[in-house]
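Predicted structure and sequence below. I'll ask about it afterward.
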Amino acid sequence: MSRLKIVALIPVKPLPHSKSRLSRTLTPESRAQLVHDSLRHVVYALRAVPEIQRTVVVSRDAQVAEWAEWFGAAHFCESRRGLNAALEEARAQFSLADGLLVLASDLVALSSVDVRELIRRGHEVPSRCVVIAPDRRGRGTNALLLKPPNAIPFAFGEGSARRHERLALAHGAVPVWYRSDSVALDLDCTDDLEVYWAQW
């Protein structure tokens, strides 16, 4: 089979609103630095995977846009508020790709091996499919591969992993789960930071 051509989308909140649940642990400057470092890590992991034809940082924050340029990624400034609305707006620009990979920007343990495995699992399904990588609590979605890009509507938020599975079934797509400790770790709360500091 020929290699899939995948567009990766990385949504990033405006910095004043990023990592707000860590506000008791980290200063605003430290939280911004965390966003910078984790975004760079995710972009660099994607750059090592040939199937990723384009990496796009989705954010209306000017500083984040500047970082995207520094890291060698494209930038899309959404006009619609809310994560799912912003991703829908960005998706419309890349409908001709074979697939769309959405990754959280704070996957500090993500590796290019994970990215290749997500794509491989999508490649193995000959029909429409949705590859879902949940967070370490099994509720949220840290990575989502859609083949084709319009396979399902976006439904990120609390409980989104099972919601994306149900949407796949409702839209005639095969749901595929990818569980990985490194993809499951995002940095939403102090417990996540402690796991990261202890293991990576």
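All right, it came through fine.

all contacts plus neighbour counts: C-alpha atoms, from now on.
Will do.

so where is the protein shaky, pLDDT-wise?
1-2, 19-23, 188-190, 192-200 (pLDDT under 70).

now the helices for it?
Ranges of helices in the chain, per DSSP state H, are 28-47, 62-71, 83-91, 112-124, 160-170, 181-184, 190-199.

Could you export those as JSON lines, including distance to residue 138?
Below are these laid out as JSON lines (distance: least, Cα to Cα, whole Å):
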{"stretch": "helix 28-47", "distance to residue 138": "21"}
{"stretch": "helix 62-71", "distance to residue 138": "28"}
{"stretch": "helix 83-91", "distance to residue 138": "19"}
{"stretch": "helix 112-124", "distance to residue 138": "17"}
{"stretch": "helix 160-170", "distance to residue 138": "7"}
{"stretch": "helix 181-184", "distance to residue 138": "8"}
{"stretch": "helix 190-199", "distance to residue 138": "14"}
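
Indicate which one of the ones you listed is closest to residue 17.
helix 28-47 (9.6 Å; Cα to Cα).

what's in contact with the closest one?
The contact list for helix 28-47, computed with Cα atoms under 8 Å, 6 or more residues apart in numbering, reads 8, 15-16, 18-19, 22-23, 52, 55, 64, 67, 71, 73, 105-108, 110-112, 115.

Among the residues you listed, name the buried ones.
If you count burial by 16 or more other Cα atoms under 10 Å, the buried members of those come out as 8, 15, 18-19, 22, 52, 55, 64, 67, 71, 73, 105-108, 110-112, 115.

I'd like to know which of the helices of the chain lies nearest to residue 99.
It's helix 112-124; of the helices of the chain, that one is closest to residue 99 (Cα to Cα) at 8.7 Å.

show me the contacts for the residue sitting nearest the centre point of the chain.
Taking Cα atoms, centre = their mean, the centroid of the chain lies closest to residue 103, which sits 0.9 Å from it. Residues near residue 103 by Cα under 8 Å, 6+ apart: 8-11, 142-144.

Now stretch 165-178 - C-alpha only, CSV.
Extracted in CSV, the C-alpha atoms of stretch 165-178 (Å, rounded to 0.1, in the frame of the first residue of the first chain):
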residue,chain,number,x,y,z
GLU,A,165,-15.9,5.8,19.4
ARG,A,166,-19.7,6.2,19.3
LEU,A,167,-19.4,8.8,16.5
ALA,A,168,-17.2,6.5,14.5
LEU,A,169,-19.8,3.7,14.7
ALA,A,170,-22.6,6.1,13.9
HIS,A,171,-20.7,7.4,10.8
GLY,A,172,-19.7,4.0,9.4
ALA,A,173,-16.1,4.3,10.4
VAL,A,174,-14.1,1.6,12.2
PRO,A,175,-13.0,2.7,15.7
VAL,A,176,-9.4,1.6,16.6
TRP,A,177,-7.9,2.1,20.1
TYR,A,178,-4.3,3.0,20.7
